[in-house]
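> Kindly generate the corresponding structure for this input.
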Amino acid sequence: MLLLAWKILVCEAVLAFERLRVCWRELLIVLLPPLVRQTRCARRMEFLAVRLGQMRRRIAAFESSLLNGAFREPVDADCAIRGMLKGLKEDIRHIRCEMAAVPALAARGYGGRRLRAAMDKLHTVAEETYAAADRLLWEIGEHDLKYIA
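Next comes the predicted model:
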């Protein structure tokens, strides 16, 4: 009986520490100085811009192979690629709306300048990736139409 009570006590203590760790992380983010928060946000935006740039390059490579005639059959007969591209476009729209909601006051000081530069870079890359995804959707539709009809 004592062993069971000890196990329950240990489990409750572990759960309490886990809850405290999660709450502490959220509280720490709120209590960080603005420079650290802005720099952290800017780093995340820079990383997201790099990832979107990689996606844009993959889309461009696929589009060039499609235009060069590398495929002699329908590329997206089951519409899976089109669904992924539409999802990517929706995510980019969501990112751009969230960036538009950031107040201009957030661009003060060194951290603010870095944040603004990261937002501008992300906006540019997101716009280019959105256009590339839109072009690829059109090209896939035109390509598959030749082989379906």
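
> Do a quick rundown of the helices in this structure.
Counting by DSSP state H, the chain has helices at residues 2-31, 34-67, 80-100, 109-148.

> and the residue nearest in space to the middle of the chain, how far is that from E90?
Nearest residue to the geometric centre of the chain (CA atoms, centre = their mean): L48, 5.7 Å. Distance of L48 to E90, computed by CB to CB, to the nearest Å: 15 Å. Bear in mind the C-beta positions are built from the backbone N, C-alpha and C, glycine included.

> same check, this time on T129
T129 is 12 Å from E90, by CB to CB.

> Of these two, which one has the most company?
Using other CB atoms under 10 Å, the more surrounded residue of T129 and E90 is T129, with 26 against 10.

> how far away is that one from L137?
For T129, the distance to L137 equals 13 Å [CB to CB].

> And G87, by the same measure?
Per CB to CB, G87 is found 12 Å from L137.

> For these two, indicate the residue with more neighbours.
Higher neighbour count among G87 and L137: L137, with 18 against 11, using other CB under 10 Å.

> The more buried one: what's it in contact with?
Neighbour list for L137: 82, 85-86 [criterion: CB atoms under 8 Å, 6 or more residues apart in numbering].
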